[in-house]
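Asker: Next come a sequence and a model predicted from it.
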Amino acid sequence: MLTLVQKLDERSKNSSFKYLVKCDCGNEAKVAFSQMSSGKTKSCGCKSRLKGPENHNWKHGRSKTREYYNEGFMRVKYGITPEKYNEILENQGGVCAICKTKPNFDKWKKRFVIDHCHATGRVRGLLCDPCNRGIGMLRDDPSILMNAIKYLAE
């Protein structure tokens, strides 16, 4: 989209010469040679202001959203898809697998924690944050949990 107009006497931070260029949209801009030769600068900036499919970085409209990153994290760390997460949640009746409470999400917590066995990586269920922290503090050890139950029953 850029057409070279003339070389300028200015230099960029990395000492490459700057050039005056004309964009297809009609605007002129000063661009460092290194930016043009690497392909990082493709327009005067008008392309980055475009929204939706017209923007050159647009993929599917969900990039850089919290949900998009959470879904990728679920796939990589636990090997489950959002559909599988929803299936597990439905099988649990929409509540925590341990305390059976309904979710109390705020602006930071948007979903249950995915509980998994640290030895095998197998997903066990979905937990609220306090239950997940509780079994984590007890090192996922059933004997320690049994001792805690006996202690609380006294």
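Answerer: That came through fine.
Asker: in this structure, which spans are strands?
Answerer: For the chain, the strands defined by DSSP state E cover 2-11, 17-23, 28-32, 113-116, 123-127.
Asker: Distance to residue 104, mean neighbour count and mean pLDDT added to these, as JSON lines?
Answerer: For glycine as for every other residue, the C-beta is placed from the backbone atoms N, C-alpha and C. JSON lines is the format used below for the strands of the chain (distance: least, CB to CB, whole Å; neighbours: other CB atoms under 10 Å; pLDDT from 0 to 100):
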{"stretch": "strand 2-11", "distance to residue 104": "53", "mean neighbour count": "11", "mean pLDDT": "86"}
{"stretch": "strand 17-23", "distance to residue 104": "51", "mean neighbour count": "17", "mean pLDDT": "88"}
{"stretch": "strand 28-32", "distance to residue 104": "51", "mean neighbour count": "17", "mean pLDDT": "87"}
{"stretch": "strand 113-116", "distance to residue 104": "13", "mean neighbour count": "18", "mean pLDDT": "93"}
{"stretch": "strand 123-127", "distance to residue 104": "13", "mean neighbour count": "18", "mean pLDDT": "95"}
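Asker: Take those strands and lay them out in TSV including distance to residue 48.
Answerer: Below are the strands of the chain laid out as TSV (distance: least, CB to CB, whole Å):
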stretch	distance to residue 48
strand 2-11	14
strand 17-23	12
strand 28-32	12
strand 113-116	36
strand 123-127	39
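Asker: Quick check: chain neighbours aside, which residue is closest to residue 25?
Answerer: Counting by CB to CB, 6 or more residues apart in numbering, residue 46 is the residue found nearest to residue 25 once chain neighbours are left out, at 4.6 Å.
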